[in-house]
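Trainee: What shape does this take:
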Amino acid sequence: MRDTRLHPMTHIARRMFDLLEPICLVTYLADECKEELAALGHRGYWDGYFASRAAPLGRVPAHVVHAAFYSFADGEAARHIPRAWETIPPEASVAARQRGSVASLRRILGAGSADSPGLVRAADLTTKAATSAPAEGRVMYAGMRTLEVPGDPVARLWHSATMLREHRGDGHIAALVGARIGGTEAHVLSALEQGIHPRSRSDAFTTCRRNAWPRSWTACANADSSTPTAASPTPAARPNNASKPSPTNSPPRPTPPCPRPNSTS
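Mentor: Predicted coordinates:
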């Protein structure tokens, strides 16, 4: 039987997730960030999302954004990039994202906490961690590292927490690629594991076109529930490096046959 005990560093990583994730999520859930991006002229949530999150990469083509984000359906990035940058510079979008995120954090924390010595200490420690992590193989994190670290403690805390979030996300992508799990497949498998039906997912976080969900959901659900312990792929089907340990220290997982929705779906 495989040892399922967690490595000590895993406990630390999950504790850090619990501490830092709420700081980052204001960017995607709080009204202030949406309002700042809308005020620039972005015509919808996803225009602002793609324009501001991809901005640290520079004016790259849509297929580069698609590759770096990983978890969106084929053609989705191209609906927003480069059009979202044609009239609004990337620098303006990323600045608006920061302004809105910091404003929401200040509202949630209140003046007493936002201006406290404890928050300054938290910002300093988070920044030290965020600027000390290795950037190799971490595209989104490396992009964030090129941005200036803000001087304001609340802004610095948000900025550094977001750097660490992108660092973690880049690691997730590496693990998924190593396990041969596609980006949209990962969403479906995560929802299955949590017992979430696609109709209950928020529209803001639906990364497949609406009519592509049923195909992906059914295919992944059938593949995932067929056997509790799926057999490893045959040697002929394995990539050249399949004999190496996977990022999760477990045998490579067969990829569920989820269809990739294309840009016309």
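
Trainee: okay, CA-based contacts and neighbour counts for the rest of this
Mentor: Fine.

Trainee: which regions of the stretch 51-200 of the chain lie under the pLDDT threshold?
Mentor: In the predicted model of the stretch 51-200 of the chain, residues 198-200 satisfy pLDDT under 70.

Trainee: In contact with residue 61: list those residues for me.
Mentor: 81, 82 (Cα atoms under 8 Å, 6 or more residues apart in numbering).

Trainee: Just want the most central residue of this structure.
Mentor: Residue closest to the mean C-alpha point of the chain, counted by Cα atoms, centre = their mean, is residue 169 at 5.0 Å.

Trainee: helices and strands around the helix or strand harbouring that one, which ones?
Mentor: Applying DSSP states H and E as the criterion places residue 169 in helix 153-178. With contacts taken as 3 or more Cα pairs under 8 Å, 6 or more residues apart in numbering; DSSP states H and E, helix 153-178 sits against helix 8-29, helix 90-114, helix 117-130, helix 139-145.

Trainee: Apply 6 Å and report the result again.
Mentor: Applying 3 or more Cα pairs under 6 Å, 6 or more residues apart in numbering; DSSP states H and E, we find helix 153-178 packed against helix 117-130, helix 139-145.

Trainee: Which one of those helices lies nearest to residue 93?
Mentor: Nearest to residue 93 among these is helix 139-145; the distance by Cα to Cα comes to 13.7 Å.

Trainee: Using CSV, list the CA coordinates for that closest one.
Mentor: What follows is helix 139-145, C-alpha atoms only, in CSV (Å, rounded to 0.1, in the frame of the first residue of the first chain):
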residue,chain,number,x,y,z
VAL,A,139,6.2,31.7,-16.2
MET,A,140,3.4,33.6,-14.5
TYR,A,141,5.4,34.1,-11.3
ALA,A,142,8.4,35.3,-13.3
GLY,A,143,6.2,37.9,-15.0
MET,A,144,5.0,39.1,-11.6
ARG,A,145,8.6,39.4,-10.4
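
Trainee: distance between it and the chain's centre?
Mentor: The chain centroid and the centroid of helix 139-145 are separated by 12 Å under Cα atoms, centre = their mean, to the nearest Å.

Trainee: Would you mark the buried spots in that helix?
Mentor: Across helix 139-145, burial judged by 16 or more other Cα atoms under 10 Å covers 139, 140, 141, 142, 143, 144, 145.

Trainee: angle of the helix or strand containing residue 52 against helix 153-178?
Mentor: Assigned by DSSP H and E, residue 52 falls within helix 45-54. If you take axes from the mean of the first three to the mean of the last three Cα atoms, to 10 degrees, helix 45-54 sits at 90 degrees to helix 153-178.
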